[in-house]
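Participant: sequence first, predicted coordinates after that:
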Amino acid sequence: MRKNYGEYIRAARKRAGIKQTDLADAIGVDKAYLCRIEKGNQAAPPPEKIEIIAKELGEDADILTLRCGRIPEWIEILLREEPEASVAALSNIGKLS
């Protein structure tokens, strides 16, 4: 079963050996807010917070952004500016699986 973004953040935090309070402090939120995120009771944090969370946890910011249900900005730009190439590349990736 695929984890929601909160479960993913919690698992990554635990793998990194970081306490919830320490991560909350690092990203500039209170522990209760982070707890709600991890439990799936809070909307995904804004992009700038996702970047900090990823950095603190040693995770890829683009992957975490996608897990939070958002598209990384550089991908949005690529899709807008190069739609044909983007669709062709994604189509080829889909054929690999």
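Facilitator: Cool, got the structure.
Participant: phi first, then psi, for residue 84.
Facilitator: phi -60, psi -50 (degrees, to the nearest 10).
Participant: now the helices: where do they sit in this structure?
Facilitator: With DSSP state H, the ranges of helices along the chain come out as 5-16, 20-27, 31-39, 47-57, 61-67, 73-81, 83-96.
Participant: centre-most residue in this structure?
Facilitator: The residue lying closest to the centre of the chain (Cα atoms, centre = their mean) is residue 64, at 1.8 Å.
Participant: these two touch, right, that one and residue 50?
Facilitator: Yes. Under the criterion of Cβ atoms under 8 Å, residue 64 makes contact with residue 50 at 5.5 Å. C-betas here are computed from N, CA, C, even on glycine.
Participant: okay, now the closest residue to residue 60 other than its chain neighbours: neighbour count?
Facilitator: For residue 60, ignoring the flanking residues on the chain, the nearest one in space by Cβ to Cβ, 6 or more residues apart in numbering is residue 54 at 6.5 Å. The tally of other residues near residue 54 (other Cβ atoms under 10 Å) stands at 18.
Participant: distance-wise, check residue 54 relative to residue 19.
Facilitator: Distance of residue 54 to residue 19, computed by Cβ to Cβ, to the nearest Å: 18 Å.
Participant: got it, and residue 46?
Facilitator: As judged by Cβ to Cβ, residue 46 and residue 19 stand 23 Å apart.
Participant: which residues touch residue 54?
Facilitator: For residue 54, the contact set (Cβ atoms under 8 Å, 6 or more residues apart in numbering) comprises 60-61, 63-65.
Participant: let's go with 10 Å and repeat that
Facilitator: For residue 54, the contact set (Cβ atoms under 10 Å, 6 or more residues apart in numbering) comprises 9, 12, 60-65.
Participant: show me which of these are buried.
Facilitator: Buried members of the contacts of residue 54, scored by 16 or more other Cβ atoms under 10 Å, are 9, 12, 61-62, 64-65.
Participant: so how far is the lowest-mean-pLDDT helix or strand in the chain off the chain centroid?
Facilitator: Within the chain, confidence by mean pLDDT, DSSP states H and E is lowest for helix 83-96 among all helices and strands, at a mean of 86. The chain centroid and the centroid of helix 83-96 are separated by 23 Å, computed with Cα atoms, centre = their mean, to the nearest Å.
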